[in-house]
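>>> 3D model of this:
(chains A and B)
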There are 2 protein chains.
Amino acid sequence: MILALTGGTGGAKLIQGLAAEIDPAELTIICNTADDAIFHGLYVSPDIDTIIYTLAGLLDQEKGWGLAGDSFAALEQLGRLGEEMWFKLGDKDLATHIRRTRLLSAGHKLSEVTDWMRTVLGVKSKVLPMSDDRIETRVVTAAGEISFQEYFVRERWSPEVHQVFFAGIDKSIPSPGVLTAIRNARGIIVCPSNPVTSIGPILAVPGIRRALVESKSRVVGVSPIIGSSSLSGPAHKLMKVTDLESSAAGVAQGYADFLTALVIGVEDEGLQPCIEKLGIKAVSANIRMNSLADKRRLAREVLALV
Amino acid sequence: MILALTGGTGGAKLIQGLAAEIDPAELTIICNTADDAIFHGLYVSPDIDTIIYTLAGLLDQEKGWGLAGDSFAALEQLGRLGEEMWFKLGDKDLATHIRRTRLLSAGHKLSEVTDWMRTVLGVKSKVLPMSDDRIETRVVTAAGEISFQEYFVRERWSPEVHQVFFAGIDKSIPSPGVLTAIRNARGIIVCPSNPVTSIGPILAVPGIRRALVESKSRVVGVSPIIGSSSLSGPAHKLMKVTDLESSAAGVAQGYADFLTALVIGVEDEGLQPCIEKLGIKAVSANIRMNSLADKRRLAREVLALV
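Predicted structure coming up:
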């Protein structure tokens, strides 16, 4: 079994490649849930949804989120009724959140709901939330503390960030199967997701980082940064806040205690010596994934390393 | 102020006529809430919605429920995810239920939520739920006890009914403004709604029937029955269960303690003597409302009587 740790957008591209290159039933995915949020009273789990939609072949690949061909009639009506509309929930997508909210309210765990959801959508890979406990990424800006979605979507990651923390993480535990998956994985892949707000929370759930450090399997990462900029989103901005250099070397530094190898952009070949000084093999590749062919090629290169 | 007591479909037609014939701000409506139900974890209040949508000019008049031009993408997806689909909730309609559920969960009363809803949709008439307490019409059939929506929508009112009762009604109280509205109304209209499951629950909320009996204003009803059949729905079937004759005379009998006059179909002129024996003036008219002109004409005739 191959295990992948991921957030949404960037990570989902590699996940799609991996699922195309190996038997998807042999792939287990641990998803970040610290971006989860309540909109209109409904529990939304953006990274889990992006990964499940991706694996089900339903993702709107142009947007990188939501379901392909979705409509927005309910959201527009919610706006007319006075609800905030900045978080875009499509009509079909709403069904996911409505059903998940109902099942959570009935006392089911997020991990159970996630497993039912992926099963009903025909997804063969196991998708595990990092934890069944409620963990929330909070972003402290000059204007006050906001949620990750407020920072990322509503404010389009423009405010200056002073601090990032994960509310609830200290008392959280990994969801059932997470530690076993890390222990039993033939190889572990850290997807090119935001090291601070996507991979960061997964690593911060008590027990997960230690399990990775103790793993006997190879742990291979893919950098979400080329030069000093993220391939998507605010990773480079947030890395600075957490004292990581916003570069592939900073990514290596953040994962140094458990990473075997890091795949970096060909543009960053010059960073190889300083990454290898951390005891991490640095492999340069084309890490931009614009087509399915790109995703599969990069997945093959990563799989060759684990 | 003119006060109207109503359920959904049939009553909504007269409500539309009334709002066109008088200043809608002079119209107050008490709605049945015993048909309210939870679908997919969302609180649905079918009669309130039908009345507000009607007054906002948004009702799908062909169907008699829901919003005109609505789509069903979310419901279809809910079906794919394994949820029951027999209660048809449109995408725009869902916005109503999502927002209502969120506000109720936050501790607001159904009457507050209803008032916000009608205000935001530009409805000038006051719309009052009969009660803020949860009351549920239960239908006892040979195959067991089911909810009203299960009987009406899922089973298309085909099972034989042994009994109808309103769970929770004994401990309920009228919502704020209901008793005052009955006391202050210049005239009271009982819409052509199901006497058992639409008007019945309103009358059964402790205090409402007594307020109607004590009212000094005229109380004018419109029969939902012509001959021995309902103009729509299962009224005639359910009246038999509650020992009311399924005819306009049965309607008069059910409302005899507070009704001043009952408008009946021209087809039922023969029933006038037996209705007037109850002390109720029987006025025959064309009570079929197929066009807006029909609704306005009947509204004018009713208004002339109050």
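
>>> residues in contact with A:Asp47?
Shown in contact with A:Asp47 (Cβ atoms under 8 Å, 6 or more residues apart in numbering or on different chains): A:Thr6, A:Gly7, A:Gly8, A:Gly11, A:Cys31, A:Asn32, A:Thr33, A:Asp35, A:Ser198. In short, each C-beta sits where N, CA and C put it, glycine included.

>>> among the residues you listed, which pair sits farthest apart?
Based on Cβ to Cβ, the longest span within the contacts of A:Asp47 runs between A:Gly11 and A:Thr33 and measures 13.4 Å.

>>> quick one: the helices in the stretch 101-250 of chain A?
A:110-120, A:148-149, A:178-184, A:199-204, A:208-214, A:235-241, A:248-254 (DSSP state H, counting those that start in this stretch).

>>> including mean pLDDT, mean neighbour count and distance to chain B, could those helices go into a markdown table?
Listed next are the helices of the stretch 101-250 of chain A as a markdown table, based on pLDDT from 0 to 100; neighbours: other Cβ atoms under 10 Å in any protein chain shown; distance: least, Cβ to the nearest Cβ, whole Å:
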| stretch | mean pLDDT | mean neighbour count | distance to chain B |
| --- | --- | --- | --- |
| helix A:110-120 | 98 | 19 | 6 |
| helix A:148-149 | 95 | 24 | 17 |
| helix A:178-184 | 98 | 18 | 24 |
| helix A:199-204 | 98 | 24 | 26 |
| helix A:208-214 | 98 | 16 | 29 |
| helix A:235-241 | 91 | 22 | 31 |
| helix A:248-254 | 97 | 25 | 36 |
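
>>> looking at those, which is closest to A:Leu27?
With Cβ to Cβ as the criterion, A:Leu27 lies closest to helix A:178-184 of these, at 10.6 Å.

>>> could you chop chain A up by domain?
A:2-134+A:171-305, A:136-163 (automatic domain parsing).

>>> centre of the chain to the longest one, how far?
The chain centroid and the centroid of domain A:2-134+A:171-305 are separated by 2 Å under Cα atoms, centre = their mean, to the nearest Å.

>>> which one in the contacts of A:Asp47 is the model shakiest on?
Ranked by pLDDT, the contacts of A:Asp47 bottom out at A:Gly8 (92).

>>> look up how far chain B lies from it.
Between A:Gly8 and chain B the computed distance is 20 Å (Cβ to the nearest Cβ, to the nearest Å).

>>> burial of that residue, as a residue count?
27 (other Cβ atoms under 10 Å in any protein chain shown).

>>> quick one: name the residues of chain A near chain B.
By Cβ under 8 Å from any Cβ of the partner chain, the residues of chain A that approach chain B are A:40-42, A:67, A:70-71, A:73-78, A:80-83, A:90-96, A:98-99, A:101-102, A:105, A:116-117, A:120-121.

>>> how about a cut-off of 6 Å?
Within chain A, the positions adjacent to chain B are A:40-41, A:71, A:73-74, A:77-78, A:81-83, A:91-92, A:94-95, A:98-99, A:101-102, A:105, A:120 by Cβ under 6 Å from any Cβ of the partner chain.

>>> list the residues that contact A:Gly8.
Contacts for A:Gly8 (Cβ atoms under 6 Å, 6 or more residues apart in numbering or on different chains) come out as A:Pro46, A:Asp47, A:Thr50.

>>> inside strands: which ones of those?
The strands in this structure, assigned by DSSP state E, contain none of these.

>>> how about TSV for the helices of the stretch 101-250 of chain A, with distance to B:Met289 added?
Formatted as TSV, these follow (distance: least, Cβ to Cβ, whole Å):
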stretch	distance to B:Met289
helix A:110-120	44
helix A:148-149	48
helix A:178-184	62
helix A:199-204	59
helix A:208-214	65
helix A:235-241	62
helix A:248-254	70
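
>>> on that earlier part again, quick one: which of the contacts of A:Gly8 is nearest to chain B?
Ranked by distance to chain B (Cβ to the nearest Cβ), the contacts of A:Gly8 are led by A:Thr50 at 16.2 Å.

>>> just the element for A:Leu3, please.
Using DSSP states H and E, A:Leu3 sits in strand A:2-6.

>>> residues contacting that strand, please?
Outside strand A:2-6, the residues touching it (Cβ under 6 Å, 6+ apart) are A:15, A:27-30, A:181, A:185, A:187-191, A:193, A:199, A:202.

>>> with stretch A:21-32 instead?
Residues contacting stretch A:21-32 (Cβ under 6 Å, 6+ apart): A:1-5, A:7, A:18-19, A:47-48, A:51, A:124-130, A:178, A:181, A:198, A:201-202, A:296, A:299-300.

>>> can you list the buried residues in stretch A:42-62?
By 16 or more other Cβ atoms under 10 Å in any protein chain shown, the buried positions in stretch A:42-62 come out as A:42-56, A:58-60.

>>> can you tell me which residues contact the closest residue to A:Ile225 other than its chain neighbours?
The spatially closest residue to A:Ile225, leaving aside those adjacent along the chain, is A:Ala248, at 5.4 Å (Cβ to Cβ, 6 or more residues apart in numbering or on different chains). Contacts for A:Ala248 were tallied using Cβ under 6 Å, 6+ apart; they are A:Ser223, A:Ile225, A:Ile264, A:Asp268, A:Leu271.

>>> of these, which pair is most distant in space?
Using Cβ to Cβ, the two most remote members of these are A:Ile225 and A:Leu271, lying 10.0 Å apart.

>>> which one's more surrounded, these two?
A:Ile225 (27 against 24).

>>> how about the strands in chain A?
A:2-6, A:27-31, A:37-39, A:42-44, A:126-129, A:136-141, A:144-147, A:161-167, A:187-190, A:219-222, A:225-226, A:229-230, A:261-265, A:281-285.

>>> still on that earlier bit, could the contacts of A:Ala248 go into CSV alongside pLDDT and distance to A:Glu155?
Below are those laid out as CSV (pLDDT from 0 to 100; distance: Cβ to Cβ, whole Å):
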residue, pLDDT, distance to A:Glu155
A:Ser223, 97, 26
A:Ile225, 96, 22
A:Ile264, 98, 30
A:Asp268, 97, 29
A:Leu271, 96, 31
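
>>> which one of those is nearest to B:Gly279?
Checking the contacts of A:Ala248 against B:Gly279 by Cβ to Cβ gives A:Ile225 as the nearest, at 85.9 Å.

>>> just to revisit the earlier point, which of the contacts of stretch A:21-32 count as buried?
A:1-5, A:7, A:18-19, A:47-48, A:51, A:125-130, A:178, A:181, A:198, A:201-202, A:296, A:299.

>>> start to end distance for stretch A:183-192?
Counting by Cα to Cα, to the nearest Å, you get 22 Å between the two ends of stretch A:183-192.

>>> and the gap between A:Gly17 and chain B?
Taking Cβ to the nearest Cβ, one finds A:Gly17 at 26 Å from chain B.

>>> count of neighbours near the closest residue to chain B within the stretch 201-306 of chain A?
Residue nearest to chain B within the stretch 201-306 of chain A (Cβ to the nearest Cβ): A:Leu292, separated by 24.4 Å. Residues near A:Leu292, counting by other Cβ under 10 Å, number 13.
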